[in-house]
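>>> Test case, fold it:
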Amino acid sequence: STLKELFKDVLEEMLQAELDTTLGYEKYDVKNKQTDNSRNGFSKKTIKTEFGEMEIDVPRDRNGEFEPKIVPKNKTDISGIEDKIISLYARGMSTRDIQDQIKDLYGIDISPELVSKITDRIIPEVKEWQSRPLEKIYSFIFMDAIHYKVREEGRILNRAAYVVLGVNIEGYKEVLGIWIGENESSRFWLGVLNDLKGRGVEDVLVFCVDGLTGMKEAIQAAYPKSEIQRCIIHQLRNSFKYVSYKHLKEFTKDFKNVYNALNEEVAKEKLKEVEQKWGSQYPYAIKSWENNWDVISPFFKFPDEIRKIMYTTNIIESLHRQFRKVTKTKTIFPTDLSLEKMLYLSVKNIDKKWTQRYRNWDMVINQLMIIYPGRI
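I've put the predicted structure just below:
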């Protein structure tokens, strides 16, 4: 492959550069030569790399003093270097930082271009992950978007990474996919949902979503049996935008009675009380609850164990924190693909930590079976 060729060239260049350093003069630069040692052709060596086996030309010196660092004399497996580069990249290091790190660790100068070429090696892996088969049914799917800036043909564009996170019937969570798109629309979301369908998802009990534009219509078109639940946290944040700081504490406390209500009837009564108290001062805050009631109200028919899963978007929030941690060094991504690579590597790191199922899952799944008979 071209990448393999490229890596071979780089290795050979690095070896040449190492020999120059050892001898203290560059090839043909005889006037700076201060040693009786000199170059003495090449020997062939077969090495193992992440790109498979390759044969390289290792330069020799006449006195046999040359000890290459990058491909040590008795070592044939050098895949560690690429691994190192990819793991630094996964931690959110910029290509320039990685260049410095590799220089410190191996005394080798590699260009930022090569760093991104090496990290491009995971692109087929990203594509494979993004189209892998999924399970037939998910109990919950959370959907949200996180925004970035990407440079395209000299212009800086806003991009959203749409993250879809599923909780399967066993109570384990996983990121089902990440889609990079321009802006939210029902057409975009329908594309995402059809993608999930194509990968084998036949049924979803509950979609927990932020009030993202066009999402409700898209879900109704793709999964008409699914329940749509507006994320309560986002709903609260949305209504608090209109409330002045000095009233926020009291206002939040009053709203707690709404979303902690025993059932929908009580919730409506509590909303009325909030409206009587605050309606004249903050009509917009109350209005957003009334306007979104159809996607807020399903929440009230669920028992506490299920509400906890739906209420806390901790699951999405913690994912975003992780993404921000690895992307904070990059204010602008050079391409959509570089953003996708970074987020994918980040997901791989998160996946390793998600080994626990949700607490009291047995109870949750039994409740879901009663609420959605014949689906599970």
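>>> And the helices in the stretch 201-350 of the chain?
Secondary structure of the stretch 201-350 of the chain (DSSP state H, counting those that start in this stretch): helices located at 215-222, 232-240, 245-259, 264-278, 283-291, 293-296, 304-311, 314-327, 336-353.
>>> Tell me which of those sits nearest to residue 114.
helix 336-353 (14.6 Å; Cβ to Cβ). No exception for glycine: its C-beta is placed from N, CA and C like everyone else's.
>>> Name the single longest helix found in the protein.
Using DSSP state H to define each element, the chain has its longest helix at helix 2-23.
>>> Just the buried positions in whatever helix or strand comes next after it, please.
Later in the chain than helix 2-23, the nearest helix or strand by DSSP states H and E is strand 39-49. Within strand 39-49, the residues scored as buried using 16 or more other Cβ atoms under 10 Å are 39, 45, 47, 49.
>>> circling back to that earlier point, chain center to the longest helix of the chain: distance?
34 Å (Cα atoms, centre = their mean, to the nearest Å).
>>> Buried residues, that helix. List them.
Judged by neighbour count using 16+ other Cβ under 10 Å, the buried positions of helix 2-23 are 7, 8, 10, 11, 12, 14, 15, 16, 17, 18, 19, 23.
>>> residues contacting the closest residue to residue 65 other than its chain neighbours?
Distances taken as Cβ to Cβ, 6 or more residues apart in numbering place residue 37 nearest to residue 65, at 6.3 Å, with adjacent residues excluded. Contact analysis of residue 37 by Cβ atoms under 8 Å, 6 or more residues apart in numbering lists 23, 61, 62, 63, 65.
>>> what's around residue 109, how many residues?
Residue 109: 13 surrounding residues under other Cβ atoms under 10 Å.
>>> The residue lying closest to it once chain neighbours are set aside and residue 26, how far apart?
Nearest residue to residue 109 in three dimensions, chain neighbours excluded: residue 103, at 5.9 Å (Cβ to Cβ, 6+ apart). Plainly put, residue 103 is 19 Å away from residue 26 if you go by Cβ to Cβ, to the nearest Å.
>>> name the helices or strands packed onto the helix or strand encompassing the residue nearest to residue 109?
Using DSSP H and E, residue 103 falls within helix 95-106. The contact analysis (3 or more Cβ pairs under 8 Å, 6 or more residues apart in numbering; DSSP states H and E) places helix 95-106 against helix 80-90, helix 112-119.
>>> The residue nearest to residue 109: neighbour count?
Considering only other Cβ under 10 Å, residue 103 is surrounded by 12 other residues.
>>> wait, residue 187 sits on residue 214?
Yes - counting by Cβ atoms under 8 Å, residue 187 touches residue 214, with 7.2 Å between them.
>>> more crowded one of the two?
Shown here are residue 187 and residue 214; by other Cβ under 10 Å, residue 214 has more neighbours (15 against 11).
>>> contacting residues around the more buried one?
Counting by Cβ under 8 Å, 6+ apart, residue 214 has contacts 184, 185, 186, 187, 188, 189.
>>> which one of those residues has the most neighbours?
residue 189 leads these on contacts (other Cβ under 10 Å) with 27 neighbours.
>>> With adjacent residues omitted, what lies nearest to it?
Residue 189 sits nearest to residue 218 (Cβ to Cβ, 6+ apart), 3.6 Å away.
>>> Residue 261 now?
Per Cβ to Cβ, 6+ apart, closest to residue 261 is residue 267, 3.7 Å.
>>> Got the confidence number for the one you found?
At residue 267, the model reports a pLDDT of 94.
>>> where does this protein dip in pLDDT?
1-3, 6, 28, 30-32, 50, 78-80, 106-108, 183-184, 212, 312-314 (pLDDT under 70).
>>> In whichever strand in it runs longest, which residues are buried?
If you go by DSSP state E, the chain has its longest strand at strand 137-152. Buried positions in strand 137-152, judged by neighbour count with 16+ other Cβ under 10 Å: 137, 138, 139, 140, 141, 142, 143, 144, 145, 146, 148, 150.
>>> Now flag whichever of those is closest to residue 239.
Relative to residue 239, the closest of the buried residues of strand 137-152 is residue 144; by Cβ to Cβ it sits at 18.3 Å.
>>> The closest one and residue 97, how far apart?
Residue 144 is 29 Å from residue 97, by Cβ to Cβ.
>>> same question, residue 317
In terms of Cβ to Cβ, residue 317 sits 27 Å off from residue 97.
>>> Mind checking which of the two has more residues around it?
residue 97 (16 against 12).
>>> Next, the contact list for the more buried one, please.
Residues in contact with residue 97 (Cβ under 8 Å, 6+ apart) are 88, 329.
>>> Just the CA atoms of the helix holding residue 103, as PDB, please.
The C-alpha coordinates for helix 95-106 follow below in PDB (Å, rounded to 0.1, in the frame of the first residue of the first chain):
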ATOM      1  CA  THR A  95       0.400  16.400  15.700                       C
ATOM      2  CA  ARG A  96       3.100  19.000  16.600                       C
ATOM      3  CA  ASP A  97       3.100  17.800  20.300                       C
ATOM      4  CA  ILE A  98       3.400  14.200  19.100                       C
ATOM      5  CA  GLN A  99       6.300  15.200  16.900                       C
ATOM      6  CA  ASP A 100       8.000  16.600  20.000                       C
ATOM      7  CA  GLN A 101       7.200  13.600  22.100                       C
ATOM      8  CA  ILE A 102       8.600  11.100  19.500                       C
ATOM      9  CA  LYS A 103      11.700  13.300  19.300                       C
ATOM     10  CA  ASP A 104      12.200  13.100  23.100                       C
ATOM     11  CA  LEU A 105      11.500   9.300  23.300                       C
ATOM     12  CA  TYR A 106      13.300   8.100  20.200                       C
END
